[in-house]
Structures are given as C-alpha cells and as structure tokens.
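Colleague: Dropping a prediction and its sequence here:
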Amino acid sequence: MTFKFILYFVITIMVIWTMDTININQIFKKHVNPLQAKLFYFFVGLSMIYLVTNFIYDLINSVKIL
C-alpha cells in the first residue's frame with residue numbers, strides 16, 4: 001500500500017465523521033428534491049476528501065524537498 005492510499009483512507013473517515021455534524025436540512029431550500037440534496041452532500045464530501053488528502057500529501061512532499 002502506498003502512503004497516499006492510507007492517507008485517503010484516514011481522511012475519508014475523518015471527513016465522514018466531521019460531515020455528520022452538519023444539519024443538511026437547514027442548508028437547503030424548502031421543497032427541494034431529497035435525492036438532489038443527498039447528491040450535493042455526497043459531492044461535497046468527495047471534494048473535501050480529495051482536497052484535504054492532496055493538500056497534506058503535497059505539504060509532506062514539500063517539506064521533504066526542503
């Protein structure tokens with residue numbers, strides 16, 4: 001296993017845990033399609049996983065170069 005794969009796994013667990021604290025019912029408009037809201041929530045989670053993982057990975061690689 002590579003370091004980046006392990007990092008993705010750890011960050012995925014952390015993002016799921018932190019996104020559980022958000023009450024998505026108050027974020028969206030009334031009478032919105034529930035599937036649409038869940039899909040948006042899913043894509044926000046995927047984006048956060050990707051961005052945080054790559055940020056930490058690039059930060060570690062930058063520190064190695066210095």
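Modeller: Arrived safely.

Colleague: switch to C-alpha atoms for all contacts and neighbour counts from now on
Modeller: Noted.

Colleague: tell me the average confidence for the lengthiest helix in the chain?
Modeller: Taking DSSP state H as the criterion, the chain has its longest helix at helix 34-65. For helix 34-65, the mean per-residue pLDDT is 92.

Colleague: Who are the packing partners of that helix?
Modeller: Judged by 3 or more Cα pairs under 8 Å, 6 or more residues apart in numbering; DSSP states H and E, helix 34-65 is in contact with helix 3-19.

Colleague: List the buried residues for the helix it packs on?
Modeller: Neighbour-count burial for helix 3-19, counted by 16 or more other Cα atoms under 10 Å, picks out L7, Y8, I11, T12, V15.

Colleague: For V52, state which of those is nearest.
Modeller: For the buried residues of helix 3-19, the closest approach to V52 (Cα to Cα) belongs to I11, at 7.3 Å.

Colleague: Is the closest one in contact with L51, as I believe?
Modeller: No: counting by Cα atoms under 8 Å, I11 sits too far from L51 to count as a contact (9.9 Å).

Colleague: hang on, the earlier thing: pull the distance from the longest helix of the chain to the chain's centre.
Modeller: 4 Å (Cα atoms, centre = their mean, to the nearest Å).

Colleague: Buried ones in that helix, by neighbour count?
Modeller: Buried residues in helix 34-65 (16+ other Cα under 10 Å): A37, G45, M48, I49, V52, T53.

Colleague: Excluding chain neighbours, give the residue nearest to the fifth one in space.
Modeller: Taking Cα to Cα, 6 or more residues apart in numbering, and ignoring the residues beside it in sequence, V52 has I11 as its nearest neighbour in space, at 7.3 Å.

Colleague: same check, this time on the second one
Modeller: Closest residue to G45 apart from its sequence neighbours, by Cα to Cα, 6+ apart: V15 at 6.8 Å.
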